[in-house]
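Trainee: could you look at this predicted model? Sequence included:
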Amino acid sequence: MGDGERFELWERAMVDVAAQWDHLARVLGESRREADAWPEPLSGLGAEVGDDLAAWEGAATRWASGMRGLVDDVAGVEADVVADLARLARRVWP
């Protein structure tokens, strides 16, 4: 397996992980909305649980965004390296 294939596998894995974090954020958001709607006498507890779920939802969203950003950054660096090597090759082997 070459480096390009390994990168593609890593990239797909990171995109899959980001999708899982997105799914977790959606589930936490739905749970937060349900907890916020708890009736009396549980509404106070529901609000507290909802606040915690909102924090976890935000963290999951940030993780997903970070994963996608990492993939984009690595792909950008890879493209820069390939371009630099191509320029070097043209100078060495005109």
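Mentor: Here it is on my side, so go on.
Trainee: show me what secondary structure element comes after the strand or helix carrying residue 34.
Mentor: Assessed by DSSP states H and E, residue 34 sits inside helix 3-36. Using DSSP H and E, the helix or strand that directly follows helix 3-36 along the chain is helix 43-92.
Trainee: relative to helix 3-36, how tilted is that next one?
Mentor: Relative orientation of helix 43-92 versus helix 3-36 (axes from the mean of the first three to the mean of the last three C-alpha atoms, to 10 degrees): 160 degrees.
Trainee: mind giving me the packing neighbours of helix 43-92?
Mentor: helix 3-36 (3 or more C-beta pairs under 8 Å, 6 or more residues apart in numbering; DSSP states H and E). For every residue, glycine as well, the C-beta is placed using N, CA and C.
Trainee: for the helix holding residue 34, the distance to its chain's centre please.
Mentor: Distance of helix 3-36 from its chain centroid, counting by C-alpha atoms, centre = their mean, to the nearest Å, is 6 Å.
Trainee: and that helix, what other elements does it pack with?
Mentor: Here helix 3-36 touches helix 43-92, going by 3+ C-beta pairs under 8 Å, 6+ apart.
Trainee: now the helix it packs on, how far from the centre of its chain.
Mentor: How far helix 43-92 lies from its chain's middle: 5 Å, per C-alpha atoms, centre = their mean.
Trainee: which residue packs closest to the residue nearest to the spatial centre of the chain, ignoring adjacent ones?
Mentor: Nearest to the mean C-alpha position of the chain, counting by C-alpha atoms, centre = their mean, stands residue 64 at 2.0 Å. Leaving aside its sequence neighbours, residue 64 sits nearest to residue 21 (C-beta to C-beta, 6 or more residues apart in numbering; 3.6 Å).
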